[in-house]
Every structure is written in C-alpha cells, then in structure tokens.
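*Asks:* Would you be able to build a 3D model of this:
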Amino acid sequence: MGRYRPPRPRGSRYITPEGEQALRAELHQLWKVERPQVTATVHEAAKNGDRSENGDYIYGKRRLREIDSRVRFLNKRLDELEVVDRAPADTARIFFGAWVDLEDDDGEEICWRIVGPDEFDLRAGKLSMDSPLARSLMGKSVDDEVVVHSPSGEQHYFVTAIRYTD
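*Replies:* Here you go, the predicted model:
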C-alpha cells in the first residue's frame, strides 16, 4: 500500500476579522521572530563541523522546513480568504459569525459562534461553518429545531437565541 493520500477538500474561505488578525499574527511570529532565531541556531551548529551527527543542525533544519511550509500555507490562505466584518441583513436567522444559543433534549444550554475553518476552537465555543452542526444551523431562526446526524446517533437541539455581537 502506498503513502498516497488524496488532498483534503478546501475549507470555506470566510473568516472573521479576529481570525484574520490571529493568522496574520502567527505569520509575523513565524517569519520575523522564530525563523531568524532558528536560522541563527543552524548557522552556529553548521560551524561545528560534522553535520551528520549534529543534533542542533538536524533539528534546526527540520524546524526551518516546518516554518517555511506553514508560512507558504498562511500566505496562500490569507490571499484567498474573505473577511466578513458585518452582520447579515436578516439578523433573525443564523449565518456566518452568529453567536447561537442552543438547548438540547436534556435542557442543557450550549453557546457556539459559527466561524471559518481556519479559526475554529471548540474549547472557546467557536464552531467551524463546515461542521455538521453548523451546516444544520445555517438559515434557522429562534425556536427552530435542529437535527444533527452524527456517528453517535441523532442529536436534537432547539435554537434559543441568535446574536451577532459579543
């Protein structure tokens, strides 16, 4: 069996202003701070002679490849992203950037913000718009029932609130 893996499908190209700012900060950190430090470390390690057994050199070169790969990805991704910085015309329905309060069958409340795939963070309550739950939420209004089909079975939620500000 070969090592070929088909390319992952591209995520949606929408992002919030906070998400774009975070990606730009990561790009700046990698390119202006980390890469010069690693380059200096590799340069010093290369002066020590035999590079085949020089850990600093080997791991430094590996880290440089990782940084360069991530920088290339971020540059391409930032060029194709579309920043959504305003609420939609119909704020009574769920669209990108909405904060959504849901109630499950047990009466537990959950709050999610629908964001782009580049900025989702489940611990922070940010749900990717490409996820099954977010796809089922799109276009719904308050008091609508949402059914999500997941590997663990069907899950039912009721939309209790929608807002477009923190």
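*Asks:* Leaving out sequence neighbours, find the closest residue to Asp104.
*Replies:* Tyr157 (5.5 Å; Cβ to Cβ, 6 or more residues apart in numbering). Any C-beta I mention is one placed from the backbone N, CA and C, and that applies to glycine too.
*Asks:* What residues does the one you found make contact with?
*Replies:* In this structure, Tyr157 makes contact with 102-104, 110, 133, 145-146, 148, judged by Cβ atoms under 8 Å, 6 or more residues apart in numbering.
*Asks:* Now with 6 Å, please.
*Replies:* Contact analysis of Tyr157 by Cβ atoms under 6 Å, 6 or more residues apart in numbering lists 102, 104, 146.
*Asks:* beta partners for it?
*Replies:* For Tyr157, the beta-bridge partners are Asp104, Val146 (DSSP bridges).
*Asks:* Touching the helix or strand where Leu102 lies from outside, list them.
*Replies:* Assessed by DSSP states H and E, Leu102 sits inside strand 99-104. Residues outside strand 99-104 that contact it (Cβ under 6 Å, 6+ apart) are 94, 109-113, 157-158, 160-163.
*Asks:* need the helices for the protein, in chain order.
*Replies:* Using DSSP state H, the helices of the chain run over 17-28, 35-46, 55-80, 132-137.
*Asks:* Show me what the shortest one is packed up against.
*Replies:* Using 3 or more Cβ pairs under 6 Å, 6 or more residues apart in numbering; DSSP states H and E as the contact criterion, the elements in contact with helix 132-137 are strand 145-150.
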